[in-house]
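S.K.: my questions are about this predicted structure, shown below with the sequence.
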Protein chains: 2
Amino acid sequence: MGRVRIVDVARRAGVSSATVSRVLANKPYVRPELRQRVLAAAQELGYRPSRVARTLRTQRARIIGLLISDIENPFFTSLVRAVEDVAYAHDYAVFLCNTDENPEKEQLYLDLMVAERVTGVLISPTREQGVDCQGLQQAQIPLVAVDRRLRDRRVDTVVVDNVGGARRLVEHLLDDGYREIGAILPPPTITSGRERYQGLWEALHHRGLEPRSAWIRTGPPVQAEGYRLAREILGRHPRPQALFVGNNLLTMGALRAIRDLGLSIPGDVALVAFDDMDWMALVNPGLTVMAQPTYELGRAAAELLLRRLEDPDRPVEEVLLTPELRIRQSCAPHLGAGRPRGEVRASGQG
Amino acid sequence: MGRVRIVDVARRAGVSSATVSRVLANKPYVRPELRQRVLAAAQELGYRPSRVARTLRTQRARIIGLLISDIENPFFTSLVRAVEDVAYAHDYAVFLCNTDENPEKEQLYLDLMVAERVTGVLISPTREQGVDCQGLQQAQIPLVAVDRRLRDRRVDTVVVDNVGGARRLVEHLLDDGYREIGAILPPPTITSGRERYQGLWEALHHRGLEPRSAWIRTGPPVQAEGYRLAREILGRHPRPQALFVGNNLLTMGALRAIRDLGLSIPGDVALVAFDDMDWMALVNPGLTVMAQPTYELGRAAAELLLRRLEDPDRPVEEVLLTPELRIRQSCAPHLGAGRPRGEVRASGQG
DNA sequence: CTGTTAGCGCCTTCAT
DNA sequence: ATGAAGGCGCTAACAG
């Protein structure tokens, strides 16, 4: 085992375990000489404090729990990276759990976080309600929702402006002259999906248009679903001239479907997508996307959690970040043909 | 806090804490009636055992540590997913750490694993040697290396056949008539990088060819480096007709560079790559890749660790998996022009 | 400034 | 089949 305990170090340094503890915790009121002796003894013995014992004693593991819904989604890995950076800087470890869009797994991990007495939890919830936070509350473990909201308004939240972002994307299509617009979206049980639908709705209504339900489909945010739904929508007669896809994985599937159908973008069907992925520009330079500030999202969430820890009584906070429209200029001229309006606009407004 | 302790449950059920412990651990020798009472009491009180206390007592946290070198690399996320699935099935939690190809961070996390008294550790090491496993050994925490080897031959290892895989990729180029072949590889401090270089070397030597050092570059396996090195190599006069890229992130960078240089694949430069990414076929259907069985890799590693835990004295094991050659048929005819040999071969042999 | 002491919550002999 | 008691390794009062 971690054979060498604090008393071993104490004995070797000729002091008490309390002094060793103080030295290692960098507390004041220790004679420099003793400090040296202790440090040396610890070094020589290769002493590794048991974080387990410390946690039991202090009733708080210096760990931040992070529950994401799909680790294979680049969106989340970028977020993870951000959280990790912040945690690392503040001497916290990160306990990463992949809920896999599965509410049961989510609950299981939430309970695990309680059982491990983590300091705080960041979560990107699989659904808006039905999450049992009793355990967390009882154990006074703060919770912060990232990317997706929870029904419970008492939890701090960090999200992007999904309504506005979706609206700008659709407006981009409308500005280009498209009127027959289809959409593939995450289900309304996920707040971001619902909000993006609302953005679509607002954009259309602002121009006196109605969403055509035959062209609008929702499904779990996974690639296979994007593929399936895109084929379904684009297989209809008539089919929409343009597609708004509300999630990166869905977009990936849709791109595949469009390729398999032998269609070109935007010649046969125009595409705008929420979320961005690094390789999308490689796949299709003509694609316009709403890029989320993923790293910022994670950083903001982690920092919000830290603030909450400092002052448990501060008012509930909601951070709203703004996604960025990226209009990509096609560098493959043959793909540009057939676009209602050929003009390429500068990045920025929609 | 987790206010309700085992004694609270015991009191409520009118038994001792020992009985509660036995019931919750599903141990025999408890009267069914008492068992019911205990279960009911635990339920009513919302009792959540402290894993921290349990760990302190048993000296082993039911956690598997997983140290990967880059969480933003899809290769690793797929591996994470596999490990998680196995762990989950065996009632282990996974403590995921991102070393970020940084040996210091790696060491820090390794120490953290010891401090947390995890059951075992899976690692994809940042480098072959210099990893201090003293702490792990002292604490008798088994270690398994995944994807990359460690110098220390006493650790169980799960890797793919990098030499053979690289060789087959290069042979694929040679079979197509290419002779002037360049390469972009991870550095030799990473075993997979070195092994892939060896595969390249073997393929060339087998045909009486020599690697041209001016066309061969190594660098950290990140996209920016792939971009830089590809530009460098392809900017030379003369430049190679074909490129072997030995890592997915490097490939991503190389693809970007090739695009920015206005070159086409394989017309201007042929490309074969180790590692596969889901979207690569979308980016360039003509790309031939050596796909790693990433999920299998993670699963094998986790299972190897589990076996090691069951029997600490079993001989050291090395699992060698075989990557799969994927020859993609170009569906963009204009990209096929200029290829020395137009024939498209079936997937399988190189 | 430093040492003594009393738990944190659980599991596990040992005795009954 | 059940209970009593000790201790895992550490920190935080409290004494001095």
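M.R.: Sure thing, it's come through. Note that the coordinates shown come from a computational prediction; the quantities given were computed from them, not determined experimentally.

S.K.: which element is A:Ala273 on?
M.R.: Assigned by DSSP states H and E, A:Ala273 belongs to strand A:270-274.

S.K.: summarise which helices and strands that strand is packed against.
M.R.: helix A:162-175, strand A:242-245, helix A:248-260, strand A:288-291 (3 or more Cβ pairs under 8 Å, 6 or more residues apart in numbering or on different chains; DSSP states H and E). No exception for glycine: its C-beta is placed from N, CA and C like everyone else's.

S.K.: may I have the helix or strand just after that strand as CSV, with CA atoms only?
M.R.: Downstream of strand A:270-274, the first helix or strand assigned by DSSP H and E is helix A:280-283. In CSV, the C-alpha atoms belonging to helix A:280-283 read as follows (Å, rounded to 0.1, in the frame of the first residue of the first chain):
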residue,chain,number,x,y,z
MET,A,280,-16.3,21.2,-41.7
ALA,A,281,-14.4,23.8,-43.8
LEU,A,282,-12.5,20.9,-45.4
VAL,A,283,-15.6,19.0,-46.1
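
S.K.: mean confidence (pLDDT) on helix A:280-283, please.
M.R.: Across helix A:280-283, pLDDT averages out at 78.

S.K.: right, is that helix up against chain B?
M.R.: Yes - under the criterion of Cβ under 8 Å from any Cβ of the partner chain, chain B is reached by helix A:280-283 at A:Leu282, A:Val283.

S.K.: neighbours of A:Arg154, just the number please.
M.R.: A:Arg154 has 9 neighbours, counted by other Cβ atoms under 10 Å in any protein chain shown.

S.K.: contacting residues for it?
M.R.: A:Val316 (Cβ atoms under 8 Å, 6 or more residues apart in numbering or on different chains).

S.K.: what's the answer for the one 3 residues further on, then?
M.R.: Going by Cβ under 8 Å, 6+ apart, A:Thr157 touches A:Val144, A:Ala145, A:Val146, A:Arg149, A:Leu150, A:Glu317, A:Glu318, A:Val319.

S.K.: residues near the closest residue to DNA strand C within the stretch 51-200 of chain A, how many?
M.R.: The nearest approach of the stretch 51-200 of chain A to DNA strand C comes at A:Arg57, 3.7 Å away (Cβ to the nearest atom of the strand). Counted with other Cβ under 10 Å, residues neighbouring A:Arg57 total 12.

S.K.: which element is it on?
M.R.: With DSSP H and E as criterion, A:Arg57 is part of helix A:51-58.

S.K.: now the angle from that helix to helix B:51-58?
M.R.: 120 degrees (axes from the mean of the first three to the mean of the last three Cα atoms, to 10 degrees).

S.K.: next structured bit after helix A:51-58?
M.R.: strand A:61-68.

S.K.: other SSEs contacting that next one?
M.R.: helix A:51-58, helix A:74-89, strand A:93-98, helix A:103-115, strand A:118-123.

S.K.: how many neighbours does A:Leu204 have?
M.R.: By other Cβ under 10 Å, neighbour count at A:Leu204 equals 21.

S.K.: hang on, it packs against A:Ile181?
M.R.: Yes - between A:Leu204 and A:Ile181 there is a contact under Cβ atoms under 8 Å: 7.3 Å.

S.K.: hmm, the helix or strand hosting A:Arg326 in reach of chain B?
M.R.: Using DSSP H and E, the element containing A:Arg326 is strand A:324-327. No - under the criterion of Cβ under 8 Å from any Cβ, chain B is not reached by strand A:324-327; the shortest gap measures 15.9 Å.

S.K.: domains in chain A, as residue ranges please.
M.R.: A:6-49, A:59-161+A:294-320, A:162-292 (automatic domain parsing).

S.K.: how distant is the shortest one from the center of its chain?
M.R.: Taking Cα atoms, centre = their mean, to the nearest Å, the mean C-alpha location of domain A:6-49 is offset from the chain mean by 42 Å.

S.K.: okay, how far is it across it, tip to tip?
M.R.: The straight-line separation of the ends of domain A:6-49 (Cα to Cα, to the nearest Å) is 7 Å.

S.K.: and that domain with chain B, contact?
M.R.: Yes - using Cβ under 8 Å from any Cβ, domain A:6-49 reaches chain B at A:Gly46, A:Arg48, A:Pro49.

S.K.: is it possible to get CSV of the residues you listed that adds secondary structure and neighbour count?
M.R.: Output for the residues of domain A:6-49 next to chain B, formatted as CSV (DSSP: H, G, I helix; E, B strand; the rest coil; neighbours: other Cβ atoms under 10 Å in any protein chain shown):
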residue, secondary structure, neighbour count
A:Gly46, coil, 12
A:Arg48, coil, 20
A:Pro49, coil, 19
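
S.K.: for A:Ser17, state which of the residues you listed is nearest.
M.R.: A:Pro49 (11.2 Å; Cβ to Cβ).

S.K.: from A:Leu143, how far out is the closest one?
M.R.: Counting by Cβ to Cβ, to the nearest Å, the separation of A:Pro49 from A:Leu143 is 28 Å.

S.K.: again with A:Val83
M.R.: On the measure of Cβ to Cβ, A:Val83 and A:Leu143 end up 14 Å apart.

S.K.: overlap in contacts, the two.
M.R.: Common neighbours of A:Val83 and A:Leu143 (Cβ under 8 Å, 6+ apart) are A:Leu122.

S.K.: and whichever residue of the stretch 101-250 of chain A sits closest to chain B, what does it touch?
M.R.: For the stretch 101-250 of chain A and chain B, the shortest gap (Cβ to the nearest Cβ) falls at A:Ala115, measuring 4.2 Å. By Cβ under 8 Å, 6+ apart, the contact set of A:Ala115 is B:Gly2, B:Arg48, B:Pro49, B:Ser50, B:Arg51, B:Val52.

S.K.: next: A:Val170.
M.R.: A:Val170 neighbours (Cβ under 8 Å, 6+ apart): A:Ile181, A:Gly199, A:Leu200, A:Ala203, A:Leu204, A:Phe244, A:Val272.

S.K.: that older thread, compare the contacts of A:Thr157 and tell me which is most surrounded.
M.R.: A:Val146 (28 neighbours).
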